[in-house]
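Colleague: could you work out the structure for the sequence below:
(4 chains)
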Protein chains: 4
Amino acid sequence: MASKPFAIIAGVGPGTGASIARKFAKAYSVVLLARNPANFTPVVDEINANGGQATGISADLSDTNSVKSAFEKINEQYGGSTLAAAVFNSGGGFVRKPFLELTEEEFASGFESQGKGGFNFAQRTLPLLQKATGLQHPPTLIFTGATASLKGSASFSAFASGKFALRALAQSLAREFGPKGVHVSHVIIDGVIDIPRTKAWTFEHEDAKLDPAAIADSYWHLHTQPRTTWGFELDLRPYVEKW
Amino acid sequence: MASKPFAIIAGVGPGTGASIARKFAKAYSVVLLARNPANFTPVVDEINANGGQATGISADLSDTNSVKSAFEKINEQYGGSTLAAAVFNSGGGFVRKPFLELTEEEFASGFESQGKGGFNFAQRTLPLLQKATGLQHPPTLIFTGATASLKGSASFSAFASGKFALRALAQSLAREFGPKGVHVSHVIIDGVIDIPRTKAWTFEHEDAKLDPAAIADSYWHLHTQPRTTWGFELDLRPYVEKW
Amino acid sequence: MASKPFAIIAGVGPGTGASIARKFAKAYSVVLLARNPANFTPVVDEINANGGQATGISADLSDTNSVKSAFEKINEQYGGSTLAAAVFNSGGGFVRKPFLELTEEEFASGFESQGKGGFNFAQRTLPLLQKATGLQHPPTLIFTGATASLKGSASFSAFASGKFALRALAQSLAREFGPKGVHVSHVIIDGVIDIPRTKAWTFEHEDAKLDPAAIADSYWHLHTQPRTTWGFELDLRPYVEKW
Amino acid sequence: MASKPFAIIAGVGPGTGASIARKFAKAYSVVLLARNPANFTPVVDEINANGGQATGISADLSDTNSVKSAFEKINEQYGGSTLAAAVFNSGGGFVRKPFLELTEEEFASGFESQGKGGFNFAQRTLPLLQKATGLQHPPTLIFTGATASLKGSASFSAFASGKFALRALAQSLAREFGPKGVHVSHVIIDGVIDIPRTKAWTFEHEDAKLDPAAIADSYWHLHTQPRTTWGFELDLRPYVEKW
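Modeller: Numbering: from 1, shown residues only, chains lettered A, B, ... in the order given. Next comes the predicted model:
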């Protein structure tokens, strides 16, 4: 297919993932991954309607076979193109429960989504990013973290375990693949994001939620950094957030 | 069985686990868990020969059925006793490989051993620790961390993901169970431990390796802290270690 | 004077400070502060020659009277304008010596430059930033950190004490003034910057030094973030940097 | 004077410092330093009455001349003895104020007490600790940190700057003097200590305050660690503390 470079955004719902896809679609073809096509279809359609080039593929990143199949489809469509950026934005594995009420499966779901999901995504995208040439910006792999990436709060052991594991993965990859020319970053989203699901959550201040479009701008900024001057970790939060 | 309180040490080999078992055996009956009986048998025999009370049980903490079976045996033997301390000291899941050479199974082995293993151990021991009464020291759950608990180095993504996840779990449990009277701690072992397996590793300085008996003394110190003054995290390293 | 908003860049030499001044001068009038006019004069001239608006003022930020005098001059010239951004970029207080060879004055020089310098700069700029109105981007105060902001290495006690203190100040101000609408950030420069003074330092890779212009781009990006989505801390390093 | 080794405790009031002095007086002669003799006299008398050996010396650790004079007195009395341990426990420099209400002097008081005080204390004690021989435990230098060592909260910029600087100093000294045989540690006291001044502060739980005697036990434990297995940082808090 196209000679235009492409980007892969994994974990696309109506919030951050969609905004990142929109932002990167201004420069690249974009592939959107989500388990449920209902999550990416509206964004794919919107991007294509606005002159961009988007493809949605259903994939469960914690499932090897599903990942394999998704990247075969990607290879069919984008095999001749260069992968410029890959964003892992999965929000899966969120469980909030007193520890003794957690099943082993619930506890492991944090790692399944974040750790294993991040692993599978990185294993598929890093070989493509490493061989990228002729790009305006260094090839980039960004992982989305959360408050739970830094702090294991009571009742958050499952999700925090997953997000801690993902941060370990991101650090390890940045140290291994940085010198090989791939920019690996980890962004900590510390607060509530303003998405359809959180519309009803009201705060004292009306603009107390993170704006997905502004998050996407920061991801894009990280992507555009030259390799002399790479940011690894950036924490984003609303101005009124307690931290 | 006995009215003497007991302690459970999980992950017992000829190094730290054995030393912790010896130390805690001075005050308590001890149960030693390891996958391979060859790992705990010499220590169990030694403790029993020296007037202590030790039992070894084969268990794979990442396997629910194995854990279930092990704690049924513990309940049979120690059902009438009080659990005073539980130490999770598993060293499993250590893999050091360039990222793209890792299989999904190898990557997940860090979490299986450390994350899921820690989860299973905590789920079985916390209900016992919570109901402990009449102890001289607060009931205590200690997790063993490593350099990889704080830093995801290149080629360490599997082990660091597991150790990061374990630290998240420890933090979460400390915050949930501290106010309920259980002391949860996380000790970071930053350096090479002086055990049979590392005997051949020589350094410029002859005492450049951590002493398992001294590690055990610090675990015991944490256990003896009153609940007004609990340590959560302690980092231990040899005096010549670079950090 | 002008109705154009202005920015103040403190700690301007031929490196990062100059690049930040050039970048912010594309949108604002800029005031450059440095102890030695030789440090800002070439940049001031360059900006003015290229259609920008720059003023250089000699100031020692660790000296209250010098700061007072500098901000009186700023008030004379920019009293009618809005302060849009302030950047504290002082590199002073760098001493590298075995601890027992340090004089008290040398040790304190880290805090004098970084801690007290940051304090004086913040006390003068925050009242102006707080009353800013009509700006395109939220008023912003950015502090420049270093590797020594996170790690006290051997022989770096003086500089690290100063940089740790500056980070404490930045955190405290972010928490106090964020909810009041001022964006406070802290950028950690982790590596050697490519400036005249480091030209002779060669590394295995030729692009192993941070690019001041790229650093400036990241400062500008932080400035443009909307208050729903503010970054507090960003670490920047060359792709080959060990960390 | 005596051939018994001695310890110096700086920053002795009726709380932690007194308890540390009592604890170390069981093994060593102790020198207690405080600005106001009223702070150490009761403890000195108590220790001497109970068969220990204690001397109180008035000293302001942020004042070079005062420190010089105090250590001349120490040298006169203990010149023939071995310094086994030194503890810096100053609580000075605590100011809690909105940032714009701080004077430069108030802001700097955090660094004066903690940073410069720690520097002066370390410069005087490290040469003595380095030449210590024949001790049962490695010579030890311990610094007392606080919540503000890790977090710059709103209105705490002065104290947090001082405590961050002290932590930088402690890290730097641990890395420089560890390989030379001196154990340098930093203990983070995260919570309210149960001392006369806080008697009136009541909490939901009656034992919600840190016990100075238990803090002292942990300092002593750190002191007894062999150099193969040194702890650098330990955080202590009450079981009900939020963190």
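Colleague: going by C-alpha atoms from here, please, whenever you check contacts or count neighbours.
Modeller: Fine.
Colleague: show the average pLDDT along the helix or strand harbouring A:F164.
Modeller: Secondary structure from DSSP states H and E places A:F164 in helix A:157-177. Averaged across helix A:157-177, the pLDDT comes to 98.
Colleague: what does stretch A:218-237 give?
Modeller: Stretch A:218-237 comes out at a mean pLDDT of 98.
Colleague: that stretch and chain B, any residue contact?
Modeller: No. For stretch A:218-237, no contact with chain B is found by Cα under 8 Å from any Cα of the partner chain; the gap never falls below 12.7 Å.
Colleague: quick one: the strands in chain A, in order.
Modeller: A:6-10, A:29-34, A:54-58, A:83-88, A:140-146, A:183-189, A:230-237 (DSSP state E).
Colleague: and the longest one, how far from the chain's centre?
Modeller: In terms of Cα atoms, centre = their mean, to the nearest Å, the centre of strand A:230-237 is found 14 Å from the chain centre.
Colleague: now do it: everything it contacts.
Modeller: For strand A:230-237, contacts defined as Cα atoms under 8 Å, 6 or more residues apart in numbering or on different chains pick out A:174, A:183-191, A:210, A:215, A:222, A:225, C:228-239.
Colleague: that one to strand C:183-189, inter-axis angle?
Modeller: Strand A:230-237 runs at 160 degrees relative to strand C:183-189, counting by axes from the mean of the first three to the mean of the last three Cα atoms, to 10 degrees.
Colleague: which residues in chain A form helices?
Modeller: Here chain A has its helices, by DSSP state H, at A:16-25, A:37-49, A:64-78, A:104-110, A:117-130, A:157-177, A:212-224.
Colleague: can you put these in TSV and add mean neighbour count?
Modeller: Shown next, in TSV, are the helices of chain A (neighbours: other Cα atoms under 10 Å in any protein chain shown):
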stretch	mean neighbour count
helix A:16-25	24
helix A:37-49	18
helix A:64-78	15
helix A:104-110	21
helix A:117-130	21
helix A:157-177	31
helix A:212-224	22
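Colleague: between those, which gets nearest to chain C?
Modeller: Chain C sits nearest to helix A:212-224 of all those, at 6.3 Å, using Cα to the nearest Cα.
Colleague: what's in contact with the closest one?
Modeller: Identification of contacts with helix A:212-224 by Cα under 8 Å, 6+ apart yields A:15-16, A:19-20, A:23-24, A:85, A:137-140, A:142, A:183, A:185, A:193-195, A:230-231, A:236, C:218, C:221, C:225-226, C:229.
Colleague: kindly compare burial across the strands of chain A and name the winner.
Modeller: strand A:83-88 (a mean of 28; mean count of other Cα atoms under 10 Å in any protein chain shown).
Colleague: wait, doesn't A:A174 sit right on A:H186?
Modeller: No. A:A174 is not in contact with A:H186 according to Cα atoms under 8 Å; the separation is 9.3 Å.
Colleague: and A:E101, how many residues sit next to it?
Modeller: 12 (other Cα atoms under 10 Å in any protein chain shown).
Colleague: how about the helix holding A:F164 against chain D, any contact?
Modeller: No. No part of helix A:157-177 sits near chain D under the criterion Cα under 8 Å from any Cα; the closest distance found is 15.3 Å.
Colleague: distance from that helix to the middle of the chain?
Modeller: 13 Å.
Colleague: also stretch A:86-97?
Modeller: That offset, for stretch A:86-97, works out to 9 Å (Cα atoms, centre = their mean).
Colleague: buried sites along that stretch?
Modeller: Residues A:86-96 are the ones in stretch A:86-97 that count as buried (16 or more other Cα atoms under 10 Å in any protein chain shown).
Colleague: turn those into CSV, including distance to chain D and pLDDT.
Modeller: Converted to CSV, those look like this (distance: Cα to the nearest Cα, whole Å; pLDDT from 0 to 100):
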residue, distance to chain D, pLDDT
A:A86, 33, 98
A:V87, 31, 98
A:F88, 30, 98
A:N89, 28, 97
A:S90, 27, 92
A:G91, 25, 87
A:G92, 26, 90
A:G93, 24, 90
A:F94, 21, 92
A:V95, 21, 93
A:R96, 18, 95
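Colleague: can you tell me which of these lies nearest to D:A70?
Modeller: Taking Cα to Cα as the measure, D:A70 lies nearest A:R96 of the buried residues of stretch A:86-97, at 56.3 Å.
Colleague: in TSV: the strands of chain A, plus distance to D:V30.
Modeller: Listed next are these as TSV, based on distance: least, Cα to Cα, whole Å:
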stretch	distance to D:V30
strand A:6-10	63
strand A:29-34	67
strand A:54-58	71
strand A:83-88	58
strand A:140-146	49
strand A:183-189	48
strand A:230-237	47
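Colleague: in chain A, what residue sits furthest out from the centroid?
Modeller: Within chain A, A:L100 marks the point farthest from the mean C-alpha position, 30.5 Å out by Cα atoms, centre = their mean.
Colleague: was I right to think it contacts B:T125?
Modeller: No. Counting by Cα under 8 Å, A:L100 does not reach B:T125; the two are 10.5 Å apart.
Colleague: now do A:A59 against chain D, distance only.
Modeller: Applying Cα to the nearest Cα, to the nearest Å, the value for A:A59 to chain D is 38 Å.
Colleague: any low-confidence regions in chain A?
Modeller: For chain A, the stretches with pLDDT under 70 are A:1-2.
Colleague: get me the contact residues on it for chain C.
Modeller: So chain A meets chain C at A:175, A:178-179, A:181, A:183, A:207-211, A:214-215, A:218, A:221, A:225-243 (Cα under 8 Å from any Cα).
Colleague: circling back to that earlier point, and which of the buried residues of stretch A:86-97 is nearest to chain C?
Modeller: Closest approach between these and chain C, by Cα to the nearest Cα: A:N89, at 16.8 Å.
Colleague: check contacts around the closest one.
Modeller: Contacts of A:N89 (Cα under 8 Å, 6+ apart): A:9-12, A:16-17, A:143-144.
Colleague: try A:N36
Modeller: Applying Cα under 8 Å, 6+ apart, we find A:N36 in contact with A:58-59.
Colleague: A:H183 now?
Modeller: Applying Cα under 8 Å, 6+ apart to A:H183 gives the contacts A:138-141, A:174, A:177, A:223, A:227, A:230, C:239.
Colleague: what does A:Q130 give?
Modeller: A:Q130 is in contact with A:139, A:180-182, counting by Cα under 8 Å, 6+ apart.
Colleague: repeat that with 7 Å
Modeller: A:Q130 makes contact with A:181-182, according to Cα atoms under 7 Å, 6 or more residues apart in numbering or on different chains.
Colleague: how about the one 10 residues further on?
Modeller: Neighbour list for A:T140: A:84-86, A:182-184, A:223 [criterion: Cα under 7 Å, 6+ apart].
Colleague: which of these sits closest to chain B?
Modeller: Taking the contacts of A:T140 together and measuring to chain B by Cα to the nearest Cα, the closest member is A:V184, at 12.3 Å.
Colleague: confirm for me that the closest one is in contact with A:P138.
Modeller: No. The pair A:V184 / A:P138 is not scored as a contact, 10.1 Å apart, by Cα atoms under 7 Å.
Colleague: thinking again about what came up before, among the contacts of A:H183, which one sits closest to A:Q114?
Modeller: Among the contacts of A:H183, and counting by Cα to Cα, the member closest to A:Q114 is A:L141, at 14.8 Å.
Colleague: alright, calling it a day.
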